[in-house]
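Novice: Return a 3D structure for these sequence lines:
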Amino acid sequence: MRVRIANAPVSYGIYRPDHPLPPDRLLAAFRDHGYRGTDSGPLGYLGEGEALAGRLARHGLSLAGGWADLRYGAEPAAFAADLRALDRALDAFTAVPVDDALFAPRPTLACPADPERFAAPGVPYGPDRLPADGPDGPGRPDQEWEGFAADVQRAADRCRERGLEPVFHPHLGTAVETPAETRLLLSRTDVSLCLDTGHWWLAGGDPVAAVAEFGPRIRQVHLKDADRAVHERVRRAGGDLWAVVAAGGFPALGEGDIDLPAVLAALRAADYGGWLVVEQDAPPTDRNQEQDQDRDRSADHDRDREADPDQGALAAQQKANSALLRSLLRDPPPGGPHRTPPEPLRQERPHP
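Specialist: I've put the predicted structure just below:
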């Protein structure tokens, strides 16, 4: 298996293109911590066109992909507007040079937040397990699934027309979050899968089993740890997805429930090739939310606190995430069922 390691702006709580953290400081930190690439984050944050390509080149980084949510199954006019937004993202992705087709940017297709699901993300663990992932399967009527899947296929075809392979990202708080819903979507489309280990786990799935089940359909991996005990505690208290994130539902790699060595071994057995995007969803820290949370703090203090990713817990965690993952890639996990690689994992060296 050939892999390169990337990180993402979401690891620094960046969800808006006007976030005050200078993008060059973020990319410099990624480079210094051993990452070879980055997710785009909110479109425009890293620039577009020549500005995006030039910024990445200055830092010796590649583009691993980027998020594009569309209102599948919505009114035709709404979906048409979302396709135009997808075109803008594809314009940005195709402007970046690619040195190896295996590591071309992956357009990450997903759904926008669903208010009801965002308020109660994932599946509670216990007798009140949601019926959406129970024996009757997801509750969406067949005709709705057909229209939804047809739009996903249209978006996937549009990406391929531009020479990029799309991946669909099941995500907490959206219309497709559980393994059962993912299976239904994949059975109705030929779109590839982005396996996000953390979101998959908190939606009731096992990422190791997912690799075994979906195999070559997985064309992008987001490595994220997750803590079901935190998730369940927040859910039972009525917390939404942001509350899960803020409470530590997605801790640093190795600090949650995910068996990272087993995930890497499963990917090796499936001969996965491509990006491993480290993500550690952090609470939003954009300017507007910071001001809403505490209007008494000065703008200068906010700017100083957020301007240098080499300072603070977020940077330390992303450096540790890189070190742990690189160590595991150099030293394969011990043998066991489905976990014994015939040869060491081969990871491409980062730029000096």
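Novice: Give me the helices and strands touching the longest strand along the chain, please.
Specialist: Looking across the chain with DSSP state E, the single longest strand is strand 62-69. Helices and strands touching strand 62-69, as assessed by 3 or more C-beta pairs under 8 Å, 6 or more residues apart in numbering; DSSP states H and E, comprise strand 2-7, strand 37-39, helix 49-58, helix 76-94, strand 106-110, strand 274-278. Using the backbone N, CA and C atoms, a C-beta is placed for each residue, glycine as well.
Novice: Run through the residues that contact His171.
Specialist: 110-111, 177, 196, 199 (C-beta atoms under 8 Å, 6 or more residues apart in numbering).
Novice: among these, which one has the lowest pLDDT?
Specialist: Of all those, the one the model is least sure of by pLDDT is Glu177, with 93.
Novice: what's the neighbour count on that one?
Specialist: Counted with other C-beta atoms under 10 Å, the burial measure for Glu177 works out to 28 neighbours.
Novice: In a markdown table: the helices and strands packed on strand 62-69, plus mean neighbour count and distance to Arg117.
Specialist: Written out in a markdown table, the entries for the helices and strands packed on strand 62-69 read as follows (neighbours: other C-beta atoms under 10 Å; distance: least, C-beta to C-beta, whole Å):
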| stretch | mean neighbour count | distance to Arg117 |
| --- | --- | --- |
| strand 2-7 | 23 | 27 |
| strand 37-39 | 26 | 23 |
| helix 49-58 | 15 | 32 |
| helix 76-94 | 16 | 19 |
| strand 106-110 | 25 | 13 |
| strand 274-278 | 26 | 23 |
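Novice: hmm, back to that, next, give me the two most distant ones among the contacts of His171.
Specialist: With distances taken as C-beta to C-beta, the most widely separated pair in the contacts of His171 is Cys111 and Asp196, at 13.2 Å.
Novice: Under the pLDDT cut-off, which ranges of this protein? List them.
Specialist: Scanning the chain with the threshold set as pLDDT under 70 gives 123-143, 286-311, 331-352.
Novice: For it, which segments are assigned as helices?
Specialist: For the chain, helices defined by DSSP state H occupy the ranges 23-32, 49-58, 76-94, 115-119, 142-161, 179-188, 197-202, 207-214, 228-236, 241-246, 260-269, 287-293, 299-306, 313-330.
Novice: coming back round to it: and Cys111 and Asp196? which has more neighbours close in?
Specialist: Asp196 (27 against 22).
Novice: Could you give the bridge partners of the more buried one?
Specialist: Here Asp196 sits in beta bridges with His222, as judged by DSSP bridges.
Novice: which parts of stretch 160-169 are buried?
Specialist: Applying a neighbour-count criterion of 16 or more other C-beta atoms under 10 Å, one finds 164-169 buried in stretch 160-169.
Novice: So which of these is the closest to Gly239?
Specialist: Each of these was scored against Gly239 by C-beta to C-beta, and His169 proved nearest at 22.3 Å.
Novice: can you pull the contacts of that closest one?
Specialist: Shown here is His169, whose contacts under the criterion C-beta under 8 Å, 6+ apart are 67, 108-110, 194, 196, 199, 222.
Novice: The same query, at a cut-off of 7 Å, please.
Specialist: With contacts defined as C-beta atoms under 7 Å, 6 or more residues apart in numbering, the neighbours of His169 are 108-110, 194, 196.
Novice: Also Leu27?
Specialist: Applying C-beta under 7 Å, 6+ apart, we find Leu27 in contact with 38, 55, 59, 61.
Novice: swap in Val152?
Specialist: The contact partners of Val152, taken as C-beta under 7 Å, 6+ apart, are 72, 109, 168, 185, 189, 191.
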